[in-house]
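Undergrad: just to be clear, the model below is a prediction. Sequence and coordinates:
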Amino acid sequence: MQEQKSRACDDLLILQRNKGDAGDWRQTQRANFHLEAPNDLSDTIPAWSKICIIVAHSTEIGRCSQCRQAFADAFCMPHFWWSYHFLRANGTFGCERTRNSGVETGFNTWSRFSVKKVEHDTRYKWYHPGVFTRLLPSTNQTVILAFDLDPPIKERFLRAVMKSDESWLNDPFWVYPHLLEQIALIEEPAVWAIRDHVRSIETEGKPEGRPQPDYRRLHDIARHAIHVNETLDVAVQNTEHILMQHESYTNSRPDNASPASEDIHLRLRSWQSFIGNLRCQSISNEKRLQNEVQLAFNTVAQHDASVTLEIGRATQMDSAAMKTIAFVTLTFLPPTFICAIFSTSFFDFGGDSGWSMSNKFWVYWVVAIPTTVFTVLVWTYWPNIRGILLSENE
């Protein structure tokens, strides 16, 4: 267990940038800080550093109680950040001011996003990037805790942050235009991948014979489309909250208002519009896909209905033939019955004596009537009799 704790904190990637020099970055690695002195994280930001970026994995740190406490103590992180429900959420945004004896000690912001990257062959990968930022007003330094940045988000996000304009760094929201850009760059190909899948279904030719839609494929594409819509919804909501809180922050500090803050706000608005447009296209993809699913069901139902109609016509012809046979049989039944009776030995016909009937003719009716009644009763109650016999055998 000790080895797991150490590895969770050994994996931290720490990048620091000199004040006033956009090109001077230092990469350091701090190991086992939580084992000796949990509060030692505050020393991660020396006086010469303007920006400190710490890249970590929230899952690994979340398993280590000392690591969680170390981050909470050093950066005033809320404890719910490490909760199961927060880490499993599709997205969130929040911010707060930290104070000590009524004196503001920092301004914290945090956010998480969920992004589903869908490939053209229906393979997919989930991303759950999250950031926690802390601006120290006393020294005008910024700490960025970047969690769960998988490639290619990690490389592009770090590259964009490390090349940020110096004038932006006094605004605690300067990280979010870069983060939203990465979210959009992952969401856009996912939306177009869904669109390409839908388009390939729309352009498929009508097969001969009974249609055989690939319902499994339709289900998978629909599932991806729903997930992409969901993540875009959350991204739009997060962006709206970021804009609202950024506007509230700038209005609360009119003396610190600067063109850089206005530029950041405009950039956030731009990505809000871009992600909103992706959301509209994603909704269109889902509706088009649902239209294709309904068409597939209706096409199969129409084909089956036509087959059923043909079967009905054939059954109708068979019924007409059976009616003819029944009519002919019924026509010859009385003469057949009469012939059967008169052909018995109860009747005799002689040339001299004429017709004569045996005085034992009543025997025929004594045997025929009970036999007929028994046959009708057995035919009527045979289903019940068969059920009783089967239940006894079981």
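TA: Done, it's in.

Undergrad: show me where the stretch 101-250 of the chain has strands.
TA: 103-113, 115-118, 124-127, 130-136, 141-147 (DSSP state E, counting those that start in this stretch).

Undergrad: for the host helix or strand of F349, buried residues please.
TA: When elements are assigned from DSSP states H and E, F349 belongs to strand 347-350. By 16 or more other CB atoms under 10 Å, strand 347-350 has no buried positions at all. Glycine gets a C-beta too; all of them are placed from N, C-alpha and C.

Undergrad: before we move on, what about stretch 150-166?
TA: I153, K154, R156, F157, L158, V161, S164.

Undergrad: which ones are touching the third one?
TA: The reference is to R156. Applying CB atoms under 8 Å, 6 or more residues apart in numbering, we find R156 in contact with Q182, L185.

Undergrad: how near is it to H178?
TA: Applying CB to CB, to the nearest Å, the value for R156 to H178 is 9 Å.

Undergrad: if we can go back for a sec, send over whatever helix or strand comes next after the strand holding F349 as CSV, restricted to the C-alpha atoms.
TA: Per DSSP H and E, the first helix or strand lying C-terminal to strand 347-350 is strand 354-357. Extracted in CSV, the C-alpha atoms of strand 354-357 (Å, rounded to 0.1, in the frame of the first residue of the first chain):
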residue,chain,number,x,y,z
GLY,A,354,-91.0,-57.3,-52.8
TRP,A,355,-89.4,-55.3,-50.0
SER,A,356,-89.1,-56.8,-46.6
MET,A,357,-87.5,-55.5,-43.3
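
Undergrad: now do the helices in the stretch 1-150 of the chain.
TA: Listed in chain order, the helices of the stretch 1-150 of the chain (DSSP state H, counting those that start in this stretch) span 2-10, 33-36, 58-62, 65-75, 84-88.

Undergrad: confidence-wise, which of those is weakest overall?
TA: Per-stretch mean pLDDT for those is lowest at helix 33-36 (a mean of 42).

Undergrad: what is the least confident helix or strand in this protein?
TA: helix 33-36 (a mean of 42; mean pLDDT, DSSP states H and E).

Undergrad: picking that back up, make JSON lines from the strands of the stretch 101-250 of the chain and add mean pLDDT and mean neighbour count to it.
TA: Output for those, formatted as JSON lines (pLDDT from 0 to 100; neighbours: other CB atoms under 10 Å):
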{"stretch": "strand 103-113", "mean pLDDT": "92", "mean neighbour count": "19"}
{"stretch": "strand 115-118", "mean pLDDT": "88", "mean neighbour count": "23"}
{"stretch": "strand 124-127", "mean pLDDT": "91", "mean neighbour count": "15"}
{"stretch": "strand 130-136", "mean pLDDT": "92", "mean neighbour count": "22"}
{"stretch": "strand 141-147", "mean pLDDT": "90", "mean neighbour count": "23"}
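
Undergrad: can you lay out those strands as JSON lines showing distance to M317?
TA: Shown next, in JSON lines, are the strands of the stretch 101-250 of the chain (distance: least, CB to CB, whole Å):
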{"stretch": "strand 103-113", "distance to M317": "66"}
{"stretch": "strand 115-118", "distance to M317": "53"}
{"stretch": "strand 124-127", "distance to M317": "54"}
{"stretch": "strand 130-136", "distance to M317": "71"}
{"stretch": "strand 141-147", "distance to M317": "73"}
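
Undergrad: nearest to N359, out of the ones you listed?
TA: If you check each of the strands of the stretch 101-250 of the chain against N359 by CB to CB, strand 124-127 wins as the nearest, at 96.9 Å.

Undergrad: pull up the pairing partners for that closest one, direction included.
TA: According to DSSP bridges, strand 124-127 forms sheet pairs with strand 115-118 (antiparallel).

Undergrad: need the residues that contact the partner strand.
TA: 124-129, 183, 186-187, 189-190, 193-194, 224, 227-228, 231, 235.

Undergrad: in the stretch 151-300 of the chain, which spans are helices?
TA: 153-162, 176-202, 215-252, 259-342.

Undergrad: please work out which of those is packed deepest.
TA: Across the helices of the stretch 151-300 of the chain, the average number of neighbours (mean count of other CB atoms under 10 Å) peaks for helix 176-202, which reaches a mean of 20.

Undergrad: give me the angle between that helix and helix 153-162.
TA: Here helix 176-202 points in a direction 140 degrees away from that of helix 153-162 (axes from the mean of the first three to the mean of the last three CA atoms, to 10 degrees).

Undergrad: now the angle between helix 259-342 and helix 176-202, please.
TA: 30 degrees.

Undergrad: which residues pair with the nearest residue in space to T105 that is not next to it in sequence across the strands?
TA: Once flanking residues are discounted, T105 sits nearest to T98: 4.9 Å by CB to CB, 6 or more residues apart in numbering. Going by DSSP bridges, T98 is paired in beta bridges with G106.
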